[in-house]
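**Q** Mind looking at a prediction? Sequence and model below.
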Amino acid sequence: MASEYHAPVLLHDCIEGLNIRPDGVYVDVTFGGGGHSRAILEKLGPQGRLVAFDRDADAAANVPDDPRFTLVRSDFRWIRNHLRYLDALPVNGLLADLGVSSHQFDAGPRGFSFRFDGPLDMRMDRRAPRTAADLVNTLAEPELAALLKRYGELRDARRVARSLVQARAVHRMATTTQLVEALKPVTPKRDASGFLAQVFQALRIAVNDELGSLERLLEESARIITPGGRLVVMSYHSLEDRLVKHWMRTG
C-alpha cells in the first residue's frame, strides 16, 4: 500500500540534507506512505532511532516492522511533548514534507479534491470536530472572505464569499460537488481548475490549521534539534515557503 499512498518527493536530496548518523535520533513529521522514513531507516544502524508523526489514521497501514521505528498519531505541533514522553530528545535531524499526500487527494470520501464527489470534510485527523462544510455553512461573510484571501490568495475573495453565502441560504453545502456548484457564478472560464484549487486549499488549510502547526513546529525545532543537527523542510505552496523563509531570517 505504501507505494500507492504517496511517492516521496526529492528523496535523495532529503536524505542527503539530513546527513544521517547511524546511531542518531531522527524525526519524520509527515510519515504518510513511509517512503522518507524507510530511506532514513536504511541509513541508520542498530542503535539508531526514528520517530514519525502523522495525524491521519490511514498512515498506520504503512508502518514498517522495525524496532527502531515509532509512529505517533498526532499533529506535529505537539512534537516536543511526544518526544519527551518517548525519551527521544534531543534529535539529530528532522524532516517535514508539507502539504497533502496524493493518497488524501485521491480519496474521494476525504473531500480534499474538487475532482471527486464526496463529503465536504478535508480533515487530516478525522477526530477533529470541524469540517470544511462547517466553515462554508457557518462563517459570516467577512470571515469567509478573509479566510479565502489569506489561505487561498484569491484576489476577489469577497465576491467568492458572497456567492457561497447566497448558495447556503438556499441549501446547506454538504459535498464537494455542491461546493463546486455554488462557486459556478464566480468561477473563471479560463482557469476554472486553478481557481477551484485555491478555494479548496484555503478551506483545507483553515480546517487543519496547517500554518499554525508549521509555525509551532519551526519554533520547537530550535529546542529539540541538537547543535549541529539538521532541519529539512519541503514546502508545497507559497504560504508555507514564506513562513519557513521568515523563520530562517528571524528565528
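**A** Received the coordinates, thanks.

**Q** quick one: the strands in the stretch 101-250 of the chain?
**A** For the stretch 101-250 of the chain, the strands defined by DSSP state E, counting those that start in this stretch occupy 225-234.

**Q** could you pull out the helices for it?
**A** With DSSP state H, counting those that start in this stretch, the ranges of helices along the stretch 101-250 of the chain come out as 102-106, 132-138, 141-152, 157-170, 176-183, 192-208, 210-224, 238-250.

**Q** Got the phi and psi for the spatially closest residue to Ala197 that is not a sequence neighbour?
**A** Excluding the flanking residues, the one nearest Ala197 by CB to CB, 6 or more residues apart in numbering is Phe114, at 7.4 Å. C-beta: built from backbone N, CA, C; applies to glycine. For Phe114, the backbone dihedrals are phi -80, psi 0 (criterion: degrees, to the nearest 10).

**Q** Contacts for stretch 137-145, please.
**A** The contact list for stretch 137-145, computed with CB atoms under 8 Å, 6 or more residues apart in numbering, reads 135-136, 147, 157-158, 160-162, 164-165, 168, 172-173.

**Q** how far away is the residue located most distally from the centre of the chain from Val160?
**A** The centre of the chain is farthest from one residue, Val170, which by CA atoms, centre = their mean lies 32.4 Å away. Computed with CB to CB, to the nearest Å, the distance linking Val170 and Val160 is 17 Å.

**Q** what's the answer for Tyr151, then?
**A** 12 Å.

**Q** What of Lys245?
**A** Lys245 is 28 Å from Val160, by CB to CB.

**Q** more crowded one of the two?
**A** Counted by other CB atoms under 10 Å, Lys245 and Val160 do not tie: Val160 has more neighbours, with 25 against 11.

**Q** what's the closest non-adjacent residue to Asp54?
**A** Among residues not flanking Asp54 along the chain, Phe31 sits closest, at 4.0 Å (CB to CB, 6+ apart).

**Q** ok, now which ones touch that neighbour?
**A** Neighbours of Phe31 in contact, by CB under 8 Å, 6+ apart: Ser37, Ala52, Phe53, Asp54, Ala59, Asn62, Leu71.

**Q** Leaving out chain neighbours, which residue sits closest to the fifth one?
**A** Same thing as Ala59. Ala59 sits nearest to Phe31 (CB to CB, 6+ apart), 5.1 Å away.

**Q** Could you do the second one as well?
**A** Using CB to CB, 6+ apart and skipping the chain neighbours, the partner closest in space to Ala52 is Phe31 (3.9 Å).

**Q** can you count the residues close to Asp241?
**A** Around Asp241 there are 14 residues (other CB under 10 Å).
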